[in-house]
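1. show me the folded form of this:
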Amino acid sequence: MGGTFDPVHIGHLLAAEAAREAADLSEVWFVPTSVPVHKPQPGASGAQRRSLVEAAIADHPSFRVEAAELDRQGASYTIDTVLELRERYPDVSFYWIVGSDMRDDLPHWRRIEELARLVVFIALKRPGSGGDAGRANDEPELPAYLRDRIVRGEMPGIGISSTDIRRRCAEGRTIRYMVPERVRTEIERMGLYGSRTVD
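-> Prediction:
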């Protein structure tokens, strides 16, 4: 599961758990991006974001952080990450978790036909998104090479975003229950996003 995780929040964790259940995954690896290609640069450093994810998933035995993109640095393209991970772990079958909105953008991803041969995508239906998460092959608009490489899942509706959390921190408002408590205290300890102690 790739992302800036700037910061990681409850929605990310719900998505990871929903994907784990939908595809019966043995583990979910959180892959913080180094330099996002289609997003503004993160407000926290790679090391800080990795630390926040580690705090968020500390109690889940099937969640872990994979720092391949942070270690590699430069622009974070999924194909490069998947090729590296498959070389390091040749006996592992890989899935890549995306939201249903991102599923529709897959044909525009870098080297997507090659990527689709290397991973199965888990497309999670988000609140207010179209599509039926329970039906097979319900994306006739997608190219044939993608249609059979998608597993569908559904996650609970939750309206939390990293953008909103950063804004709330800057405004001195609480983010309690939007992020795991360990993440909240780490954000305050590191002084990220203009945060200050709010109870």
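2. now for the lowest-mean-pLDDT helix or strand in the chain, which elements pack on it?
-> Ranked by mean pLDDT, DSSP states H and E, the helix or strand of the chain with the weakest confidence is helix 100-103, at a mean of 84. If you count contacts as 3 or more CB pairs under 8 Å, 6 or more residues apart in numbering; DSSP states H and E, helix 100-103 packs onto strand 120-125. C-beta coordinates here come from the backbone N, C-alpha and C atoms, glycine included.
3. list the neighbouring strands of the strand it packs on plus their orientation.
-> strand 95-99 (parallel), strand 150-154 (parallel) (DSSP bridges).
4. only C-alpha atoms, please: export the first one in PDB.
-> So the one you mean is strand 95-99. C-alpha atoms of strand 95-99 as PDB (Å, rounded to 0.1, in the frame of the first residue of the first chain):
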ATOM      1  CA  TYR A  95      -0.800  -7.100  -4.600                       C
ATOM      2  CA  TRP A  96      -1.100  -3.300  -4.800                       C
ATOM      3  CA  ILE A  97      -3.900  -1.600  -2.900                       C
ATOM      4  CA  VAL A  98      -5.700   1.300  -4.600                       C
ATOM      5  CA  GLY A  99      -9.000   3.200  -4.100                       C
END
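5. give me the helices and strands touching whichever helix or strand Ala55 is part of, please.
-> For Ala55, the host element (DSSP states H and E) is helix 46-57. With contacts taken as 3+ CB pairs under 8 Å, 6+ apart, helix 46-57 sits against helix 10-23, strand 28-32, strand 63-65, helix 68-72, helix 181-190.
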